[in-house]
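A.B. asks: dropping the sequence and predicted coords here.
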Amino acid sequence: MTSFTLRTTARCEMIDITDRVAALVKESGIQDGSCLVFVPHTTAAVTINENADPDVPRDILASLDRIIPLSDRYRHEEGNAAAHIKASLFGASQTVFIENGRLVLGTWQSFFFCEFDGPRTRQVMVGMTAG
Ligand code: ZN
């Protein structure tokens, strides 16, 4: 397992981390196997979605804000219940195949780190398995 840190700059944002993950896959020398991307946080997540049109992540974040408003009748006293709920919906990890030393992603797919309670310094863990 290896990891990298990420400094987020907004309360909510989606950051394309595909190039950083791909670089770690290349470094590992693994030709065929799988790659797990894990976020060790309760108010952040990782998802796979479209990288071509920046309006896609914008629409995702705006829709999440409508579905899960920042303020509601939440009980969590820290004041970031919405971020916890969003993180749970998206999940803390994604796994993709590695083929010929490269991540197997669709043409328009990227890994996105999802910040829901920034800005913060975050960690992304990447594990690769051959076979
Ligand atoms: Zn909290």
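C.D. replies: All right, it came through fine. Residues are numbered from 1 along each chain as shown.
A.B. asks: gap between the strand or helix carrying Asn49 and the chain center?
C.D. replies: In the assignment (DSSP states H and E), Asn49 maps to strand 44-50. Relative to its chain's centre, strand 44-50 lies at 4 Å (CA atoms, centre = their mean, to the nearest Å).
A.B. asks: pairing partners for that strand, with directions?
C.D. replies: The strands that strand 44-50 pairs with in its sheet are strand 109-115 (antiparallel) (by DSSP bridges).
A.B. asks: and the residue of the chain found nearest the ion, which of the three is it?
C.D. replies: Minimum separation of the chain from the ion (CB to the ion) falls at Glu78, amounting to 3.5 Å. (Each C-beta comes from the backbone N, C-alpha and C, glycine too.) Counting by DSSP: H, G, I helix; E, B strand; the rest coil, the backbone at Glu78 sits in coil.
A.B. asks: quick check: residues of this protein near the ion?
C.D. replies: Contacts of the chain with the ion, taken as CB under 5 Å from the ion, map to Glu78, Asn80.
A.B. asks: now do the strands in the chain.
C.D. replies: Ranges of strands within the chain are 2-7, 13-16, 33-38, 44-50, 93-99, 102-103, 109-115, 121-130, based on DSSP state E.
A.B. asks: ok, the nearest residue to Ala81 once chain neighbours are set aside to Asn80 distance?
C.D. replies: Excluding the flanking residues, the one nearest Ala81 by CB to CB, 6 or more residues apart in numbering is Tyr74, at 3.5 Å. As for Tyr74, its distance to Asn80 is 9 Å (criterion: CB to CB, to the nearest Å).
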